[in-house]
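Asker: here's my sequence, what's the structure:
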Amino acid sequence: MGSSSDSLKTWVSDQLMSMLGYSQPTLVQYVIALAKQATSTGDLVNKLSVECGSLSSSSDTLHAFTEEIFTRVPLLLDDADDDDEKRRVKRRTITGDEEGDDDGSESEEERLVRDQREEQLEQNIRNRDVIGARKLMEPVNALEQDDITALRRVSRQEYLKKREEKKVEELRDDIEDEEYLFDGVKLTEAEYGELRHKKELYEIVKKKKQSVEVDDTREYKIPEAYDQEGSVNQEKRFDVALKRCRDQECVGGKMNPFAEQEAWEDYQIGKAMLKYGSKNKRQISDDDYQFVFEDQIDFIKTSVVDGYNTDNEEVSKLLEKSKAKSALERLQEERKSLPIYSYRDELLQAIQDYQVVVIVGETGSGKTTQIPQYLHEAGYTKRGKIGCTQPRRVAAMSVAARVSHEMGVKLGHEVGYSIRFEDCTSEKTVLKYMTDGMLLREFLAEPDLESYSVLMVDEAHERTLSTDILFGLVKDVARSRPDLKLLISSATLDAEKFSDFFDSAPIFSFPGRRYPIEINYTKAPEADYLDAAIFTVLHIHVKEEPGDIFVFLTGQEEIETVEENLKHRTKGLGTKIAELIICPIYANLPIELQSKIFEPTPEGARKVVLATNIAETSLTIDGIKYVIDPGFCKMKSYNPRTGMESLLVAPISKASANQRKGRAGRTGPGKCFRLYTVCSYNDLEDNTTPEIKRTNLANVVLILKSLGIHDLLKFDFMDSPTPEALMEALELLFSLNALNERGELTMLGRRMAEFPLDPMLSKAIVASDKYKCSDEMISIAAMLSVGNSIFYRPKDKQVHADNARMNFHSGNVGDHIALLNVYNSWKETGYSTQWCYENYVQVRSMKRARDIRDQLEGLLERVGIELTSNANDLESIKKAITSGFFPHSARLQTNGSYRTVKPPQAAHIHPSSGLAQVLPRWVLYHELVLTTKAYMRQVTELKREWLVDIAPHWYQLKDAEDSGTKKKSRGEMKRL
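Answerer: Have a look, this model is predicted:
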């Protein structure tokens, strides 16, 4: 009996939980009691629907429940009857035993009557228990049911409101996104119809929300708690009561449905705000305050560099008049507005009077674009070409394009440019812009430069390696050719050194800045110049007048860090500040993103350009008013003892600081914020260390040897390189068989000099003729010449980019063969741009690699090397690479690092290499660079016996001795 009853209660409780969502013991007992008293399932359904308001009589679940419980309750009743019968039999037995001795035993009829009374008593007790349970349960149940129903209703209403708002916002965002994404794109009829439908639907929803039905019923409004105020007179109390009535009468007989809510909110806000002063004091809005950031940098204004203001009114008039003229006429008016135009006649007279002239003018004064044109207009091109050198290829290309546009000629005809692996000139070219390295190579074919009437060495203050070599060469040519005019152009005032080098040549200087620049230094040194740069950008953006910002940083990593921090800090400010457009620029950035820095800034916004020190002279961006100078740059230096290049962050020079300052003040008064103190500025070096004192001289020595200059110690250097660096370069060329024992150029060295490459890479190309793999070798050389800009890693897709890059390293073939795989895969797709996007490869770098390869292929024919292919023999390709790079070999150590063979130097494989996790026993590397560690870049596995076979003069057997030949993974090295 007990077990049956418990199982029934458990079953009923489970069913109630599924139907009502809750269950209580009293409710379970009550439902069982109703089931026992019900005459049919229909009767039980009616009773449950009446007693439990949340149950509907038409519910299928309720009908199924009543039918099931009816099948269970009768069985329980039968069990109860059997128990009652057992109890009666037991009582009769006991009574019979006790009364059996009595003479007068109880009749059967009397026993029946007594049993009926006992049953009636038990029935009455059960009924009272049920009624008591019902009275106890019903109020609680009803209350809970009402609460749950009300809560469900309220919750549902709130959810629907939120869902409605969310859906409306999603619809609005969809419309805005599609308008932005498809702006300027021609849509199909179906797409345009879908967009129009969304807009119509959004307008309908907006109108429906705005046209809220106003209920015209008049309701009693609870008055304000005016009686809580201390001293309120009777008149004010009645006035408040009447005011409530008047507020409800509005125009058109309509009441204001929000009057009560607004009055209550005003009262609560007024009660919560603590006010001082007079009641009629002017309320201050948020716009009266300036936005303040947590950390501020204190600057002190030390000086203002005056601008060139004498002709500002005249310049303004010229620019105003040019607006109504044709494009060509406007260009001519802009040329006249440049600072150098006022000195045109004086400059031409100085060039006519002197053979060598040192010209000093700030960046942007017009000397690079205008002086060659002035000379052309004066007739100097009748006797030969006018050549102008630039330290960077980007500058040479952009300046040539600008000059051709100003002259109204096609680029490559009268005006052209020549850079490494690209020649855009013709027989008509009279103005030729070129990199200083290209002019250096022209000496090989034309040592006296007979085809030139004027040579202009521009941006001489940068003191690149090729520029310093040119100084000595053109000085000698000028002495042998009196008809050659030589111009040395510099953007710094430190021109005395150039004048002294060229036999006391005259200095012609002119102002180049039209507007003044205010220079600001920090009061105290900054611990973190990146954070200081970020705070200064935000300070300028919030507090300073309109104008774009230029920030100088040291490299790509710092640029990306500052960009990410600026986006994060301005993201949460919303409309509190104006829009800040962040434009980074560095070598590995795709060209379409680089071009954004030249786009005009939208009205009401501000642009901040994040760039490296390449922008000191090579880039001119309109609209820059503020310059932030942290005072650092990445400087490359070369250690001839270890053969290792280092690229480390170092302080700039005073000359570079002044160059950076000149970025401002082009279109209006500017400001320069230097993130260092005045004392720190005074401690800076006056000029940057010339590149010739901190770079590998092997290529320069090879070219000088090709020109017949054998005694390098007597060559006329402006700043002589260290003898140690010269000896290291000579030793390397001798090991490559480019020089003989007497230091003279060999036939192999002459062939190597024809390639505009590093001598070791040139040697690998020449050696590829022996291994019949010249086709593959020039592809590898072209990819290596592009640098480390083949792959790019977006911050949000770094894992995908790494996986795509590792696909080309399948089989641990090494980085050189992986570059070959990249080029061949791109070639097989028909040089597809889409393929580059899918594999995270820079399409611009690949196109440049293709152009370099085409030129190298032409040079192969020039030096008499047949173009052959041996793509399946990877060992031959690796041997050809080893022929040029055998000095760059390294052996694995037990601690997981490597040690170069000659000279011994600890090194590590760069993390970007495909062999970074494999760790071969012997490797060959393209370059060794010191950053945070000494890293080997572009690594390939080699066999140690190759070193002795290919370079027996460099390696002996003991140098290539090895205790083991197995590769080890990085995990195995960690366990060791």
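Asker: so Asp607: helix, strand or coil?
Answerer: Rather than Asp, residue 607 is Lys. Secondary structure, DSSP: H, G, I helix; E, B strand; the rest coil: Lys607 is strand.
Asker: actually, Lys902.
Answerer: coil.
Asker: that one and Trp954 touch, don't they?
Answerer: Yes - judged on CB atoms under 8 Å, Lys902 makes contact with Trp954 at a distance of 7.2 Å. For every residue, glycine as well, the C-beta is placed using N, CA and C.
Asker: shared neighbours of these two, which are they?
Answerer: Pro887 (CB atoms under 8 Å, 6 or more residues apart in numbering).
Asker: between those two, which one's more packed in?
Answerer: The neighbour count for Lys902 versus Trp954, taken as other CB atoms under 10 Å, is higher for Trp954 (17 against 14).
Asker: now do the same contact list for the more buried one.
Answerer: Ser735, Phe886, Pro887, Lys902, Leu947.
Asker: what about stretch 481-489, distance to the chain center?
Answerer: In terms of CA atoms, centre = their mean, to the nearest Å, the centre of stretch 481-489 is set 47 Å apart from its chain centre.
Asker: any regions of the stretch 551-700 of the chain where pLDDT drops low?
Answerer: Along the stretch 551-700 of the chain, the model assigns pLDDT under 70 to residues 587-592, 594-595, 617-619.
Asker: now a ChimeraX select for only the buried ones of the contacts of Trp954.
Answerer: Buried residues among these (16 or more other CB atoms under 10 Å), as a ChimeraX selection:
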select :735,886,887,947
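Asker: could the contacts of Trp954 go into a markdown table alongside distance to Thr41 and pLDDT?
Answerer: A markdown table is the format used below for those (distance: CB to CB, whole Å; pLDDT from 0 to 100):
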| residue | distance to Thr41 | pLDDT |
| --- | --- | --- |
| Ser735 | 106 | 92 |
| Phe886 | 99 | 92 |
| Pro887 | 100 | 91 |
| Lys902 | 101 | 81 |
| Leu947 | 98 | 89 |
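Asker: the contacts of Trp954 in helices, which ones?
Answerer: Among the contacts of Trp954, the members found in helices (DSSP state H) are Ser735, Leu947.
Asker: reformat the contacts of Trp954 as TSV; add distance to Ser155.
Answerer: Shown next, in TSV, are these (distance: CB to CB, whole Å):
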residue	distance to Ser155
Ser735	84
Phe886	79
Pro887	78
Lys902	80
Leu947	79
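Asker: list just the nearest of the contacts of Trp954 to Asn687.
Answerer: Nearest to Asn687, judged by CB to CB, of those is Pro887 at 33.0 Å.
Asker: what's near enough to touch that closest one?
Answerer: Gly643, Leu732, Ser735, Met760, Lys902, Trp954.
Asker: determine which two of those residues are furthest apart.
Answerer: Spanning the widest gap among the contacts of Pro887 are Met760 and Lys902, at 13.8 Å by CB to CB.
Asker: burial measure for Leu856, as a count.
Answerer: Residues near Leu856, counting by other CB under 10 Å: 23.
Asker: so it touches Phe755, yeah?
Answerer: Yes - the criterion here is CB under 8 Å, and Leu856 meets it with Phe755 at 7.0 Å.
Asker: residues shared between the contacts of these two?
Answerer: Ile765.
Asker: spit out the contact partners of Val409.
Answerer: Counted by CB under 8 Å, 6+ apart, Val409 has contacts Val415.
Asker: just the element for it, please.
Answerer: Val409 is part of no helix or strand when elements are defined by DSSP states H and E.
Asker: look up how far Pro669 lies from it.
Answerer: 37 Å (CB to CB, to the nearest Å).
Asker: give me phi/psi at the closest residue to Lys879 other than its chain neighbours?
Answerer: Leaving aside its chain neighbours, Lys879 sits nearest to Tyr771 (5.6 Å; criterion: CB to CB, 6 or more residues apart in numbering). Tyr771 adopts backbone torsions of phi -100, psi 10, taken as degrees, to the nearest 10.
Asker: Tyr771 and Ile877 touch, don't they?
Answerer: Yes - assessed by CB under 8 Å, Tyr771 is found in contact with Ile877 at 7.3 Å.
Asker: who's more crowded, those two?
Answerer: Shown here are Tyr771 and Ile877; by other CB under 10 Å, Ile877 has more neighbours (26 against 22).
Asker: re earlier: quick check, nearest of the contacts of Trp954 to Glu544?
Answerer: Of the contacts of Trp954, the one sitting nearest to Glu544 (CB to CB) turns out to be Pro887, at 54.2 Å.
Asker: buried residues, stretch 641-649. List them.
Answerer: Thr642, Gly643, Met644, Glu645, Ser646.
Asker: and the two most separated of those?
Answerer: Maximum distance among these (CB to CB): 11.6 Å, for Gly643 and Ser646.
Asker: wait, which of the contacts of Trp954 is closest to Phe501?
Answerer: Nearest member of those to Phe501, counting by CB to CB, is Ser735, at 33.8 Å.
Asker: Phe885 versus that closest one, what's the distance?
Answerer: 11 Å.
Asker: just Thr26 next, same as before
Answerer: 91 Å.
Asker: the more surrounded of the two?
Answerer: Taking neighbours as other CB under 10 Å, Thr26 and Phe885 compare with Phe885 leading, 23 against 15.
Asker: now do the strands in the stretch 301-450 of the chain.
Answerer: According to DSSP state E, counting those that start in this stretch, the stretch 301-450 of the chain carries its strands in the segments 356-360, 385-390, 415-419, 422-424, 431-435.
Asker: how about these in a markdown table, adding mean pLDDT and distance to Ile204?
Answerer: Converted to a markdown table, these look like this (pLDDT from 0 to 100; distance: least, CB to CB, whole Å):
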| stretch | mean pLDDT | distance to Ile204 |
| --- | --- | --- |
| strand 356-360 | 93 | 70 |
| strand 385-390 | 94 | 62 |
| strand 415-419 | 91 | 60 |
| strand 422-424 | 86 | 60 |
| strand 431-435 | 94 | 62 |
